[in-house]
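> this one's sequence-less:
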Ligand code: MG
């Protein structure tokens, strides 16, 4: 049978990791790429620089609280920010389907403008391509970004047993807001995307504590996948407490109705922060003083048990292994 690329290869989960490791890293691997961080980190002269890229294919283009334009800015800003970098410049590449409304394009570009202003970055280069009707769906956007490292040494290797795990706010809002718009489902409680720039929030956390070990934004594959990426092959396990997970009523309601586990739902404006236990309160308080971190919560810790795995202490008093996302629950969420 001829092997084909499936939607699951783009889910951010197990199959995507397999594709990245066994094809992309195998063929293109070098010391920077092999780090597999949210941004590549290297020196230009004596300045440590972060560089990242991401494509946005979200469907629909506009959803409660956000749109493809602002998301394309924030996603790249956030991948720089979680590496301890100050985002500076971004690129903007548009792939537009023939027949796309000029007015909608204008709306998206205005959203890019506002988002760049909010995040304090400049769009300094770009590209525009138009493809025949049917060759892409409305519009796809790619952004790359470059930033300057101001907090060095965020690395999975710095994580120690007993470190605490903080999430900056409720999980799954982004996925549910996109899905509700796409499917035209009305839930009792309206859910807006969490899509937001994380640079300022992260700056505050890093200013408050010099013992932040590692950060990552739980986008595709959700919190469960991000934590698994951190634990994979590590000499520790990750323990999270079900009762501590911040989940909005609207996300719970939608998840129950549609059969989703909120642990796998994408966020676009949340960050997982791993910090030394003695600095937990400092980091938490700093984050809570920011509007996008006011619901920040400690949800678990780095443990000696279940090395390389993530497990959930359930509200019922049991333990359950949390796997990386396998398959695809929601394509084109970002
Ligand atoms: Mg990321």
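On my side now, so go ahead. As the structure is a prediction and not an experimental result, all values here were calculated from the model.

> now the closest residue to the ion within the chain, nearest residue through space, not along the chain?
The nearest approach of the chain to the ion comes at residue 38, 3.9 Å away (Cβ to the ion). The C-beta positions use only the backbone N, C-alpha and C, and glycine is treated the same way. Excluding the flanking residues, the one nearest residue 38 by Cβ to Cβ, 6 or more residues apart in numbering is residue 79, at 4.1 Å.

> quick check: which element contains that neighbour?
helix 68-81 (DSSP states H and E).

> so what does that helix touch, helix or strand wise?
The helices and strands touching helix 68-81, judged by 3 or more Cβ pairs under 8 Å, 6 or more residues apart in numbering; DSSP states H and E, are strand 47-56, strand 85-97, helix 102-119, strand 139-149, helix 199-208.

> the second one versus helix 102-119: what angle between them?
Calculated by axes from the mean of the first three to the mean of the last three Cα atoms, to 10 degrees, strand 85-97 forms an angle of 180 degrees with helix 102-119.

> before we move on, back to that, can you put the helices and strands packed on helix 68-81 in JSON lines and add distance to the ion and mean pLDDT?
Output for the helices and strands packed on helix 68-81, formatted as JSON lines (distance: least, Cβ to the ion, whole Å; pLDDT from 0 to 100):
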{"stretch": "strand 47-56", "distance to the ion": "8", "mean pLDDT": "97"}
{"stretch": "strand 85-97", "distance to the ion": "12", "mean pLDDT": "98"}
{"stretch": "helix 102-119", "distance to the ion": "15", "mean pLDDT": "98"}
{"stretch": "strand 139-149", "distance to the ion": "12", "mean pLDDT": "98"}
{"stretch": "helix 199-208", "distance to the ion": "12", "mean pLDDT": "98"}
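
> rebuild these as TSV, extending it with mean neighbour count.
Shown next, in TSV, are the helices and strands packed on helix 68-81 (neighbours: other Cβ atoms under 10 Å):
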stretch	mean neighbour count
strand 47-56	18
strand 85-97	20
helix 102-119	16
strand 139-149	22
helix 199-208	21
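
> and of the ones you listed, who's closest to residue 73?
Smallest distance to residue 73 across the helices and strands packed on helix 68-81 (Cβ to Cβ): 3.8 Å, for helix 102-119.

> pairing partners for the helix or strand that comes right after that closest one, with directions?
Per DSSP H and E, the first helix or strand lying C-terminal to helix 102-119 is strand 122-131. Sheet pairing for strand 122-131, assigned by DSSP bridges, gives strand 85-97 (parallel).

> what mean pLDDT does stretch 239-249 have?
Stretch 239-249 shows a mean pLDDT of 97.

> buried residues, it. List them.
Judged by neighbour count using 16 or more other Cβ atoms under 10 Å, the buried positions of stretch 239-249 are 239, 240, 241, 242, 245, 246, 247, 248.

> quick one, what contacts the fourth one?
Counting by Cβ atoms under 8 Å, 6 or more residues apart in numbering, residue 242 makes contact with 312, 313, 314, 315.

> among the residues you listed, which ones lie close to the ion?
Residues of these in contact with the ion (Cβ under 5 Å from the ion): none.

> ranking these by neighbours, who comes first?
Tallying neighbours with other Cβ atoms under 10 Å puts residue 312 at the head of those, with 21 neighbours.

> name the helix or strand for that residue, please.
Assigned by DSSP H and E, residue 312 falls in strand 310-313.

> what strands line up against that strand, and which way round?
By DSSP bridges, strand 310-313 pairs with strand 237-241 (parallel), strand 319-322 (antiparallel).

> mind listing what's buried along the shortest one?
I take that to be strand 319-322. Counting neighbours by 16+ other Cβ under 10 Å, strand 319-322 gives residue 322 as buried.

> and the contacts of it?
Outside strand 319-322, the residues that touch it by Cβ under 8 Å, 6+ apart are 224, 227, 228, 240, 263, 306, 309, 310, 311, 312, 313, 314.
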